[in-house]
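J.: Below is the structure, and that's it, no one-letter string:
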Ligand SMILES: Nc1nc2c(ncn2[C@@H]2O[C@H](COP(=O)(O)OP(=O)(O)O)[C@@H](O)[C@H]2O)c(=O)[nH]1
Ligand SMILES: Nc1nc2c(ncn2[C@@H]2O[C@H](COP(=O)(O)OP(=O)(O)O)[C@@H](O)[C@H]2O)c(=O)[nH]1
């Protein structure tokens, strides 16, 4: 018998999952941060340091790319699951924000013994591959050169270095790293020195990190750990990195990240069976943004009109790169597809306030090609086909009232309420939270949700 | 509200999953074949042509490595999901068994537009990597050199060729294949000719296969298709390839296959959300076997005694290689771990008949290291640690009666019943079927299961 759905994470859900439902930057951080306050364990299950939120606590800003956001809460246990690829210098850099290098914060962190180590060499290879692509007409995929793709490729080639081998006997580490190094030297010439003996700089660094991890018993079997927590009625919050349309399988390949960003990634990346995933929350921005190249059916020009409005009012710039994000109207066919894959139990609609001041609002509700409407929920896999879709829109009236002080659905102006209901109807899913500003409190729960 | 669990696949389950619970060769084929008779759709979600059953229908033997087993049933729709990597010559070779090359059988096959094409070049690269490993002390991983690892690595490197690009405009195919070829030429010298222009043999073959697939509209969006089938109350049978301990994340890495063989792979490989996975069946052989190298705690010598018995009575030889499989007693800690990851709703115990004639039977129930018993459900991630475990056994009396005619639990000799109950108790899971011989009918359902 399945436990009752619990969209707020308060009652008896075992595993609650928060996922980006579009192309990323939906504003997952705020919800994750709120839910972390009610969770016993916060877990990352996918990706590497290519995601990340900024969180402001007691006036101090923390930037997490790799750490679960429960690290900011004294009573949360934090898990980096087997599905994650971990760059150790980045991990320790992030931890430094919390403990100034004393490693006190490591007490609340567990890294799966089955997670893979992302080496500096993976980053170098990432850059090399990127440059090669740039040399060709295919163009750049806009990756962050953080080595994530090559680290997963090593995992697939079965010469990746796992954490259990990092913290095991030193000769095992040397042997595994040596084998990987030999492979990388053979196939990505110039990226790594030929042998460990010729240059053991990375090995030296790894040993230092290893000793710090071992001292605090950070590397553990997280399959058993999570199973035990669930058995003890603890609530696990699984924090998704990236978003559905960036999924290696279901996203707009090849403009995707190299991991499972959809709900299946929770099972493959933590070892939790589907029957324990009680609540899947999709975070949906009230409009659409996208970083980098690739088709974008509801895209608007950023130089004028609604496009400029969304870009500037929404602060749609990359956090690290400062690059402008592409902006467009809400894309419902994309969301229906994302909903088919993830099965959202509830939706967090964010950044509704950004729409304030626009005369007329559009919602893309159907795709058509050559005059023929595509089936409901169908999302072209081929980018070529996706680039050719015409979008059918519905138009809704805008509003000018400031939403930032609204703390209930009834506080919204009538046209904003109408927009929220139109989204709900188009999606065929239930919206549970609405975000009306960047602050932690600028969010309210919809009527009937508890 | 979750639908009721349905272990036999007869009532209202939406997605039923059959998974190998050990190191493979558990005898999944028979159960999958039986359940396919009640399913509307049979789907493969992971791996490539590195798995496979032999099925005997009307006296003719069929060997499937890539095709879902529902291809043998006129009323089944068959899906190769996005999580699979497909070698087209192999696919068409298997189809030829069904239709002598007329492509009539393609009518019942759908390949996901998001699945990746496994190229001949991936096989060559697989062999190259394998040879390099052999040159080193690490030894061979015992891969089948079917290109599965390199195909998934291409997927991760985001230059893989997807089926939607195979069947799209020819210039897209040429461009994508050209980019992959350039990459492979740069990094795996000698494996592929430098450019498509210099040698388009593979391109020519792909175009022929493409035309045959296009003629029957085989390549489709399977996310939408499966969602529609589920909405129409159809039952989907997801047929796992390989087994839990061969999973890229949870298996005995690096002696694993390069895909998700555990239940999360159903979600990532088909795009079905966890909430629709209603029934997960683990197939457990009454003892343990393993192919290739790597630690094997309950292993027995094959030259005499129980080891020789299991090997010869169980016909434990590789189907294609003819290599002897390693054999040992049933390993319950391994199964508990496999159960933690997959959450079996029910278990199919196979090959109980193979134990007939052994005086005393042992079941490995606990692992210990240096005299300390490891926590229940804990499976060492490190091979080094796994190689050091001591196994604690319980011993049970054997039986000599022929089981092959038993068609109910009550028909089993008392000691066989005791063995089955001991397994159930050790696992903390429910056994639904027991296999007592190689034939399709040599299997019965346990009391209380319907
Ligand atoms: N105006 C406004 N900003 C929001 C809202 N929700 C989140 N944000 C901001 O959106 C930005 C991106 O959020 P973040 O959580 O980093 O996105 P992520 O990539 O999905 O994790 C942050 O600066 C948030 O403060 C909202 O409802 N309104
Ligand atoms: N003796 C015996 N053989 C079985 C039983 N179940 C399956 N087999 C045989 O075991 C072999 C391997 O099964 P197969 O389905 O190919 O294994 P898979 O790799 O798990 O799919 C086949 O020859 C089956 O006929 C059983 O209960 N008893």
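T.: Sure thing, it's come through. These numbers come from a predicted model, not from an experiment. Ligands and ions are numbered 1, 2, ... in the order given.
J.: make it CA atoms for all contacts and neighbour counts henceforth
T.: Noted.
J.: Show me what counts as buried in the helix or strand encompassing residue A:91.
T.: Using DSSP states H and E, residue A:91 maps to helix A:88-99. Neighbour-count burial for helix A:88-99, counted by 16 or more other CA atoms under 10 Å in any protein chain shown, picks out A:88, A:90, A:91, A:92, A:94, A:95, A:98.
J.: Report the rounded mean pLDDT for it.
T.: Helix A:88-99 shows a mean pLDDT of 95.
J.: For the helix or strand just after that helix, name the packing helices and strands.
T.: Downstream of helix A:88-99, the next assigned helix or strand under DSSP H and E is strand A:109-112. Applying 3 or more CA pairs under 8 Å, 6 or more residues apart in numbering or on different chains; DSSP states H and E, we find strand A:109-112 packed against strand A:77-80, strand A:219-220, helix A:222-231.
J.: Can you tell me which of the buried residues of helix A:88-99 comes closest to ligand 2?
T.: residue A:88 (38.9 Å; CA to the nearest ligand atom).
J.: and the closest one, what is it in contact with?
T.: Applying CA atoms under 8 Å, 6 or more residues apart in numbering or on different chains, we find residue A:88 in contact with A:117, A:118, A:119, A:206, A:209.
J.: Next, count neighbours for the fourth one.
T.: This means residue A:206. 19 (other CA atoms under 10 Å in any protein chain shown).
J.: Then residue A:413?
T.: For residue A:413, the count of nearby residues is 16 (other CA under 10 Å).
J.: Show the pLDDT at it.
T.: Reported pLDDT for residue A:413: 97.
J.: what's the answer for the one 10 residues further on, then?
T.: What the model reports for residue A:423 is a pLDDT of 94.
J.: taking the contacts of residue A:88 one by one, which sit in helices?
T.: A:206, A:209 (DSSP state H).
J.: I'd like to know which of the contacts of residue A:88 is nearest to residue B:406.
T.: Nearest to residue B:406 among the contacts of residue A:88 is residue A:117, at 51.4 Å by CA to CA.
J.: Name the nearest residue to that closest one, sequence neighbours excluded.
T.: Leaving aside its chain neighbours, residue A:117 sits nearest to residue A:86 (5.0 Å; criterion: CA to CA, 6 or more residues apart in numbering or on different chains).
J.: show me the contacts for that neighbour.
T.: Taking CA under 8 Å, 6+ apart as the test, what residue A:86 contacts is A:48, A:49, A:66, A:115, A:116, A:117, A:118.
J.: Now for the closest residue to the fifth one other than its chain neighbours: which residues touch it?
T.: Nearest in space to residue A:116, with sequence neighbours left out and distances taken as CA to CA, 6+ apart, is residue A:162 at 4.3 Å. By CA under 8 Å, 6+ apart, the contact list for residue A:162 reads A:113, A:114, A:115, A:116, A:117.
J.: For ligand 1, what is the nearest residue in the stretch 101-250 of chain A?
T.: With CA to the nearest ligand atom, the shortest gap between the stretch 101-250 of chain A and ligand 1 falls at residue A:242, namely 6.8 Å.
J.: just the stretch 201-350 of chain A next, same as before
T.: The minimum distance from the stretch 201-350 of chain A to ligand 1, using CA to the nearest ligand atom, falls at residue A:350 (4.1 Å).
J.: how many neighbours does that residue have?
T.: Neighbour count for residue A:350, taken as other CA under 10 Å: 25.
J.: re earlier: out of the contacts of residue A:88, which comes closest to ligand 2?
T.: Distances from ligand 2 to the contacts of residue A:88, taken by CA to the nearest ligand atom, are shortest for residue A:117, at 31.9 Å.
J.: coming back round to it: what about the residue nearest to residue A:117, distance to residue A:171?
T.: In this view, residue A:86 and residue A:171 are 21 Å apart by CA to CA, to the nearest Å.
J.: Could you check the helix or strand of chain A with the lowest mean pLDDT against ligand 1 for contacts?
T.: Within chain A, no helix or strand scores below strand A:53-57, which has a mean of 76 by mean pLDDT, DSSP states H and E. Yes: Strand A:53-57 is in contact with ligand 1 by CA under 6 Å from any ligand atom, via A:53, A:54.
J.: Can you give the distance of that strand from its chain's centre?
T.: Remark: strand A:53-57 is offset 15 Å from the chain centroid, using CA atoms, centre = their mean, to the nearest Å.
J.: which residues does the closest residue to residue A:378 other than its chain neighbours contact?
T.: Computed as CA to CA, 6+ apart, the closest residue to residue A:378 that is not its neighbour in sequence is residue B:224, at 5.8 Å. Applying CA under 8 Å, 6+ apart to residue B:224 gives the contacts A:337, A:340, A:377, A:378.
J.: Please narrow those to those residing in helices.
T.: Among the contacts of residue B:224, the ones falling in helices (DSSP H) are A:337, A:340.
J.: who wins for most neighbours among the contacts of residue B:224?
T.: Neighbour-wise, those (other CA under 10 Å) top out at residue A:337, 26 neighbours.
J.: does it really touch residue A:375, like I thought?
T.: No: Residue A:337 is not in contact with residue A:375 according to CA atoms under 8 Å; the separation is 10.8 Å.
J.: was I right about residue A:333 contacting residue A:368?
T.: No: the pair residue A:333 / residue A:368 is not scored as a contact, 10.5 Å apart, by CA under 8 Å.
J.: the more surrounded of those two?
T.: A direct count of neighbours by other CA under 10 Å for residue A:333 and residue A:368 places residue A:333 higher, at 22 against 15.
J.: what's the helix or strand for the more buried one?
T.: Here residue A:333 sits within helix A:332-342, counting by DSSP H and E.
J.: in that helix, what's buried?
T.: For helix A:332-342, by 16+ other CA under 10 Å, it's A:332, A:333, A:334, A:335, A:336, A:337, A:338, A:339, A:340, A:341, A:342.
J.: which one is the third one nearest to, not counting chain neighbours?
T.: Read that as residue A:334. Spatial nearest neighbour of residue A:334, chain neighbours left out: residue A:379 (6.5 Å); criterion: CA to CA, 6+ apart.
J.: How many neighbouring residues does that neighbour have?
T.: Neighbour tally, residue A:379, other CA under 10 Å: 23.
J.: what's near enough to touch it?
T.: By CA under 8 Å, 6+ apart, residue A:379 lies in contact with A:333, A:334, A:337, A:386, B:221.
J.: Mind picking the one among these that's closest to ligand 2?
T.: Distances from ligand 2 to those, taken by CA to the nearest ligand atom, are shortest for residue B:221, at 27.2 Å.
J.: re earlier: top of the contacts of residue A:162 by neighbour count?
T.: residue A:114 (33 neighbours).
J.: Hmm, residue A:272 and residue A:223 touching each other?
T.: Yes: here residue A:223 reaches residue A:272: they are 7.3 Å apart, a contact under CA under 8 Å.
J.: tell me, what's touching these two both at once?
T.: B:340, B:341.
J.: where along chain A do the helices fall?
T.: A:28-36, A:88-99, A:120-135, A:148-156, A:163-166, A:170-187, A:201-215, A:222-231, A:264-270, A:305-313, A:332-342, A:383-386, A:414-427.
J.: I'd like to know which of those helices lies nearest to residue B:78.
T.: Of all those, helix A:332-342 sits nearest to residue B:78, with 19.3 Å by CA to CA.
J.: Compute the inter-axis angle for the closest one and helix A:414-427.
T.: Per axes from the mean of the first three to the mean of the last three CA atoms, to 10 degrees, the angle that helix A:332-342 makes with helix A:414-427 is 50 degrees.
J.: pLDDT of helix A:332-342, averaged?
T.: So the average pLDDT for helix A:332-342 ends up being 96.
J.: what helices or strands is it leaning on?
T.: Counting by 3+ CA pairs under 8 Å, 6+ apart, helix A:332-342 packs on strand A:360-369, helix A:414-427, helix B:222-231.
J.: Cool, thanks, signing off.
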